[in-house]
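A.B. asks: need a structure here:
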Amino acid sequence: MPDPITKGPIPAIPGAIPPGVPATAGRHRWYALALLTLTSTFSVADRLVFGILVEDIKLEFGLSDLQLGLLGGAAFSIVYVIAGFPAARLADRSVRKNIVAVAIASWSVMTAVCGLATGFWTLFLARVGVGVGEGCSGPASQSLVADYFRRNELAQAMGFLTVGAAMGTASGLIVGGQLAEAFGWRWAFVLMGLPGILIGALLYLTVREPRRGQYAARGARIEQQPLGETVRELLGNRVFMGLAIGWSAQILIGYALAFWMASIMLRQFDISTGNVGLYLGLAFFIGGIPGPLLGGYLTGWLTTRDERWRAWIPGLACIGCIAPLAISLTSDGLWAFLAWFGLAYAIFVASQAGILSGIQAAVDPSQRGFAVAIALFFNNLVGQALGLAVIGGVSDWLTPTQGEYSLSIAVFGVCVVSAVMAMAIFAWTAVQMKSTDYLERLNAE
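C.D. replies: Numbers count the residues shown, from 1 in each chain. Next up is the predicted model:
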């Protein structure tokens, strides 16, 4: 296919696999997916280790819950989404595995720098640095997976990628909590950050770039379009926008649980920081491993019958996790709290495969990275920056009357609103899948 500007042959991308030499055959695609899943693990671990260190940081710096919410949300997510757009644009025309490799090395260094903070603003700036690095990884990673796996395998592959997020949440709590108890919160940041540099080197040196768009529908565009045209098409793509906005409402539940549950445990139970990290991390792990895998396989099976399950499953999962979450937050016993929480989290993360695979299926290969950047813009702005700050503010407002239970009430209230909103948006998206050319285009593969 000729280059649309020069009318000559499209130049080879350095580091990419040439046509006829599949990077998707045999074991290599699973090796690449494993490394990308590990990258996702450290992305979430380095981002959310802050959650287990919150009470120690609050005590040392004398911070309010609102300030902690800003450190956990706005400091990270605002620059995350800003950095994501140029990185995504680059990912749609260059070697994506190199972008991911540089990104993980960068945010790992900045995670370690968090341990050098002297107060609110220095920690805020270090968290900004973490956000810049992590903002460059997501679009390129998801675009890579879409070129390693066919559409009928994509939900399962995205399920495996989502396992990385669950493992990252668990390891951030377990390892971060143990490190904090042994060496203090500052060294916990430093030691959590260092392994990412090695993963970046492995990605750069050993992963092969797949041919872009090799499993796309016939007629899909492979070459990158002008920025204005890409933005207009994506914003006018009702299926994509429904999934992206629904994800932003839905993910607020995930951020609320990942960031605030450790503080809730420390306030409601007589337990050490290390044990909170260990027990809560195990609950995240036990719920977070089978949840996305089963969700991925269920989505893959159901979408062979009706593609709209990519939207229906996320909506149903949002509503389904609310009841066990309510039981968890109102439990007087620690083990009941953890067991019901693990079930709520498993149901919640079962939704991710449908959302991620649906976004990749809804857009052209030339738009995949930028589409993920737009989705993550809504995801982080609403789910993380706004959501965590709102929960912190509501908790501060309720503290005079509700005391130590103010935070759990704030978390549950925001999660209920989020679940109802997400269900409505995903139901609307399913309607758009049938009323637009989405289904016809997929059937053209």
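A.B. asks: hey, let's count contacts and neighbours off CA atoms from now on
C.D. replies: Noted.
A.B. asks: element containing residue 397, please.
C.D. replies: helix 387-402 (DSSP states H and E).
A.B. asks: taking the mean pLDDT, what do you get for that helix?
C.D. replies: Helix 387-402 carries an average pLDDT of 88.
A.B. asks: List the contacts of that helix.
C.D. replies: 64-70, 72-74, 252, 255-256, 259, 405-407, 409-411, 414 (CA atoms under 8 Å, 6 or more residues apart in numbering).
A.B. asks: List buried residues within those residues.
C.D. replies: Buried members of the contacts of helix 387-402, counted by 16 or more other CA atoms under 10 Å: 65-70, 72-74, 252, 255-256, 259, 405-407, 409-411, 414.
A.B. asks: How much space separates residue 208 from residue 96?
C.D. replies: Between residue 208 and residue 96 the computed distance is 10 Å (CA to CA, to the nearest Å).
A.B. asks: Show me which of those two is the more surrounded one.
C.D. replies: Each of residue 208 and residue 96 has its neighbours counted (other CA atoms under 10 Å); residue 96 has more, 28 against 21.
A.B. asks: show me what contacts the more buried one?
C.D. replies: Contacts for residue 96 (CA under 8 Å, 6+ apart) come out as 140, 141, 143, 144, 209.
A.B. asks: try 7 Å this time
C.D. replies: By CA atoms under 7 Å, 6 or more residues apart in numbering, residue 96 lies in contact with 140, 144.
A.B. asks: Report the separation between it and residue 105.
C.D. replies: Taken as CA to CA, the span from residue 96 to residue 105 is 15 Å.
A.B. asks: ok, and the residue nearest to the spatial centre of the chain, which helix or strand is that part of?
C.D. replies: In the chain, the centroid-proximal residue (CA atoms, centre = their mean) is residue 165; its distance is 6.4 Å. For residue 165, the element it lies in under DSSP H and E is helix 151-183.
A.B. asks: The helix or strand following that helix - contacts with which helices or strands?
C.D. replies: With elements assigned by DSSP H and E, the helix or strand that comes after helix 151-183 is helix 185-193. Applying 3 or more CA pairs under 7 Å, 6 or more residues apart in numbering; DSSP states H and E, we find helix 185-193 packed against helix 28-61, helix 96-114, helix 151-183.
A.B. asks: Tell me which of the ones you listed lies nearest to residue 189.
C.D. replies: Closest approach to residue 189 among the helices and strands packed on helix 185-193 is made by helix 96-114 (5.1 Å; CA to CA).
A.B. asks: Run the angle between the closest one and helix 185-193 for me.
C.D. replies: 170 degrees (axes from the mean of the first three to the mean of the last three CA atoms, to 10 degrees).
A.B. asks: After helix 96-114, which helix or strand is next?
C.D. replies: In the C-terminal direction from helix 96-114 (assignment by DSSP H and E), the next one is helix 120-135.
A.B. asks: List the buried residues in that following helix.
C.D. replies: Buried residues in helix 120-135, counted by 16+ other CA under 10 Å: 120, 123-135.
A.B. asks: my guess is residue 242 meets residue 429, correct?
C.D. replies: Yes: assessed by CA atoms under 7 Å, residue 242 is found in contact with residue 429 at 5.0 Å.
A.B. asks: Tell me, please, where in this structure the pLDDT is lower than the cut-off.
C.D. replies: 1-26, 73, 77, 216-222, 224, 437, 439-445 (pLDDT under 70).
A.B. asks: what ranges do the helices span in the stretch 301-445 of the chain?
C.D. replies: Listed in chain order, the helices of the stretch 301-445 of the chain (DSSP state H, counting those that start in this stretch) span 309-320, 322-329, 334-349, 352-362, 368-378, 387-402, 406-435, 438-443.
A.B. asks: Give the buried residues for the helix holding residue 397.
C.D. replies: Using 16+ other CA under 10 Å as the test for burial, helix 387-402 gives 387, 388, 389, 390, 391, 392, 393, 394, 395, 396, 398.
A.B. asks: what does stretch 101-121 give?
C.D. replies: Buried positions in stretch 101-121, judged by neighbour count with 16+ other CA under 10 Å: 101-115, 120.
A.B. asks: From residue 265, how far off is residue 400?
C.D. replies: 19 Å.
A.B. asks: And for residue 331?
C.D. replies: From residue 331 to residue 265 the distance is 11 Å (CA to CA).
A.B. asks: Between these two, tell me which one has more neighbours.
C.D. replies: Neighbour totals were compared for residue 331 and residue 265, and residue 265 leads with 21 against 15 (other CA under 10 Å).
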